[in-house]
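Trainee: Mind folding the following:
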Amino acid sequence: MAKQAKSDVEKQLDEQAAIEIKRQVKAEMALNGVSAKEVAERLTAMGRPITEQGLRNKISQCTHQTTWYWDLLKAIKGM
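Mentor: This next block holds a predicted model:
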């Protein structure tokens, strides 16, 4: 089955969600007093290897999957 192209509304929703996710991630990092370097180290220790720059890119471009995002939040909170 061919993948259906996204509608303009879906594209707008995706763009808005990306903006909100970036804000949430940065706010969570600030609230928990952790740097991108610390989060990258925690993710790597959890089995999701990533560099500090790779993490910054993923957050900036919002190119992560939901399961990765869940682990990201756990790493930020030190869980």
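Trainee: Ramachandran angles for Thr63?
Mentor: Here is the backbone geometry of Thr63 (degrees, to the nearest 10): phi -110, psi 40.
Trainee: Not counting its neighbours along the chain, what's nearest it?
Mentor: In space, and not counting its chain neighbours, Thr63 is closest to Asn57: 7.6 Å by CB to CB, 6 or more residues apart in numbering. All C-beta atoms are positioned from the backbone trio N, CA, C, and that covers glycine.
Trainee: and the one you found, how far is that from Leu72?
Mentor: Per CB to CB, to the nearest Å, Asn57 is found 13 Å from Leu72.
Trainee: which stretches of the chain form helices?
Mentor: In the chain, the helices defined using DSSP state H lie at 8-31, 36-46, 52-61, 66-77.
Trainee: Check which helices and strands the first one sits against.
Mentor: Applying 3 or more CB pairs under 8 Å, 6 or more residues apart in numbering; DSSP states H and E, one finds that helix 8-31 makes contact with helix 52-61, helix 66-77.
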